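S.K.: Okay, here's the prediction I keep looking at, along with the sequence it came from:
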Amino acid sequence: MKRGRPGPSARGSAERALVSVDSAPADSDVGRIRETGESGAQTRPEEQQNSRLWHITLNVSGPQTPLPEVRRGLEQLAHDHPFLLTSRYATDHAEIRYWEEARDLHDAAAIALRLWGEHRATAGLPPWETVGLAVIDRATYHQRLAEGYGPPPAVPVGVHPF
C-alpha cells in the first residue's frame, strides 16, 4: 500500500515510502526527552552522551537604548535561558556569558549565534546585532584560568552594568 498525496510524487522520487519508527525505548530511556535537531530528526541518547560543555561569550551592539530597557530584556533572557552565567550591559552594547552543551564547536557556535535573534522579541531585547563570539571548551576555559589568563570567572552571577 502506498501512502501519500494523490498525484505525482514530490521531488522527482518514484515512490513515497513510510519511515520506520524506533523500537520501544529501553527502560533507562523511559521519560527521557529527546532533542530535535535542525533537520527535525531526534537525537538518540547515545548521541547526547557525546556532547560537551562549551563556554560562550557573546557580544552584541547597536543603537543607544535606555539602560532600564536593556536590563529588563537581559533579565528576561536569563529567565528564558537558565544557563546564562552573567550579562554586562551599557546603553549600546552587552556581553553575555554562559555554558552551552553541544556535540562540537560548530554546533555550540551556531546555537550561540542564534541566541540573541531568537529571543529578541520574547525577551524584549534591543535590536542589536552580534559583533563578537568566543567559544572554548571546558578544559581550555579552566586551563586558561589556572594559568592566569583568559576570561575571568563570571562573578558575580547575574545581570550587571559595565
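M.R.: Nice, I can see it.

S.K.: so Pro68, which of the three states?
M.R.: Under the three-state scheme (DSSP: H, G, I helix; E, B strand; the rest coil), Pro68 adopts helix.

S.K.: Report the rounded mean pLDDT for the longest helix that the chain contains.
M.R.: What stands out as the longest helix in the chain, according to DSSP state H, is helix 105-123. Helix 105-123 carries an average pLDDT of 94.

S.K.: contact partners of it?
M.R.: Applying C-beta atoms under 8 Å, 6 or more residues apart in numbering, the contact partners of helix 105-123 are 54, 56, 58, 60, 73-74, 76-77, 80-81, 96, 100, 102, 125, 127-130, 133, 135, 137. To be clear about C-beta, it is placed using only N, CA and C from the backbone, and glycine gets the same treatment.

S.K.: What residues sit buried inside stretch 68-88?
M.R.: 70-71, 73-78, 84-88 (16 or more other C-beta atoms under 10 Å).

S.K.: Take the residues you listed and keep only those in strands.
M.R.: The strands, defined by DSSP state E, take in 84-88 from the buried residues of stretch 68-88.

S.K.: Next SSE downstream of the helix or strand bottoming out on mean pLDDT in the chain?
M.R.: When each helix and strand of the chain is scored by mean pLDDT, DSSP states H and E, helix 45-48 comes last, with a mean of 51. The helix or strand immediately downstream of helix 45-48 is strand 52-61, counting by DSSP states H and E.

S.K.: So, low pLDDT: which residues of this structure?
M.R.: Applying pLDDT under 70 to the chain flags the ranges 1-49, 150-156.

S.K.: circling back to that earlier point, so which of the contacts of helix 105-123 are in helices?
M.R.: Using DSSP H, the contacts of helix 105-123 in helices are 73-74, 76-77, 80.

S.K.: Any buried residues in stretch 109-124, and which?
M.R.: In stretch 109-124, counting by 16+ other C-beta under 10 Å, buried: 109, 111-112, 115-116, 119-120, 123.

S.K.: Mind exporting the C-alpha coordinates of that stretch to PDB?
M.R.: What follows is stretch 109-124, C-alpha atoms only, in PDB (Å, rounded to 0.1, in the frame of the first residue of the first chain):
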ATOM      1  CA  ALA A 109      28.800  28.400  17.800                       C
ATOM      2  CA  ALA A 110      25.700  28.000  15.700                       C
ATOM      3  CA  ILE A 111      23.500  27.900  18.800                       C
ATOM      4  CA  ALA A 112      25.200  30.900  20.300                       C
ATOM      5  CA  LEU A 113      24.900  33.000  17.100                       C
ATOM      6  CA  ARG A 114      21.100  32.400  17.100                       C
ATOM      7  CA  LEU A 115      20.600  33.200  20.800                       C
ATOM      8  CA  TRP A 116      20.100  37.000  20.500                       C
ATOM      9  CA  GLY A 117      17.900  36.800  17.400                       C
ATOM     10  CA  GLU A 118      15.700  34.000  18.600                       C
ATOM     11  CA  HIS A 119      15.000  35.700  22.000                       C
ATOM     12  CA  ARG A 120      14.800  39.300  20.700                       C
ATOM     13  CA  ALA A 121      11.000  39.500  20.600                       C
ATOM     14  CA  THR A 122      10.100  37.200  23.500                       C
ATOM     15  CA  ALA A 123      12.600  38.800  25.900                       C
ATOM     16  CA  GLY A 124      12.200  42.400  24.700                       C
END
